[in-house]
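>>> just coords:
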């Protein structure tokens, strides 16, 4: 998979492949192209660097000035999806994408792609 850090516009809705019960990325706009989510391959949450927090530094006996203030807002929600170009979900132009929602910043990024 290629690494990216590109902002994307995401339209949320009921996600295919989740039994019609989970809301997540339904469509996204990346580099001027519309992609429709066909299937969810995986979904997970990445936590922030808790080991660099002030609380962890105090437990370890380290000096606090080097510690970074972190909290739960540093979490990122990652959706690995299979998507097709355009509104038609069939045909060529499919790829696998990691769409990341940064809770601290409140925006979506495309972080990895295999198209």
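Happy to help now that I have it. Here the structure is a predicted model, which means the values were calculated and not measured. Numbers count the residues shown, from 1 in each chain.
>>> In stretch 3-20, which residues are buried?
4, 8, 10, 15, 16 (16 or more other CB atoms under 10 Å). To be clear about C-beta, it is placed using only N, CA and C from the backbone, and glycine gets the same treatment.
>>> so who does the fourth one touch?
It refers to residue 15. 22, 23, 24, 25, 26, 37, 40, 79, 81 (CB atoms under 8 Å, 6 or more residues apart in numbering).
>>> which SS class is the last one?
Following DSSP: H, G, I helix; E, B strand; the rest coil, the label given to residue 81 is strand.
>>> Touching, it and residue 30? I think so.
No: contact criterion CB atoms under 8 Å: residue 81 and residue 30 do not qualify, at 11.8 Å.
>>> Show me whatever sits in contact with both of those two.
residue 97.
>>> Have a look at these two and say which one is more surrounded.
Neighbour totals were compared for residue 81 and residue 30, and residue 81 leads with 25 against 21 (other CB atoms under 10 Å).
>>> residues touching the more buried one, list them.
So residue 81 contacts 15, 25, 37, 38, 39, 40, 41, 96, 97, 99 (CB under 8 Å, 6+ apart).
>>> Same check on residue 12?
Contacts of residue 12 (CB under 8 Å, 6+ apart): 23, 24, 25, 26.
>>> rerun that using 6 Å as the cut-off
residue 23 (CB atoms under 6 Å, 6 or more residues apart in numbering).
>>> what about it, helix or strand, and which?
Using DSSP states H and E, residue 12 falls within strand 9-14.
>>> ditto for residue 3
strand 2-7.
>>> which SS state does residue 59 fall under?
helix.
>>> Buried residues in the one helix or strand residue 111 maps to, which are they?
Using DSSP H and E, residue 111 sits in strand 107-114. Neighbour-count burial for strand 107-114 flags 108, 109, 110, 111, 112, 113 (criterion: 16+ other CB under 10 Å).
>>> Tell me the one of those nearest residue 45?
residue 111 (13.7 Å; CB to CB).
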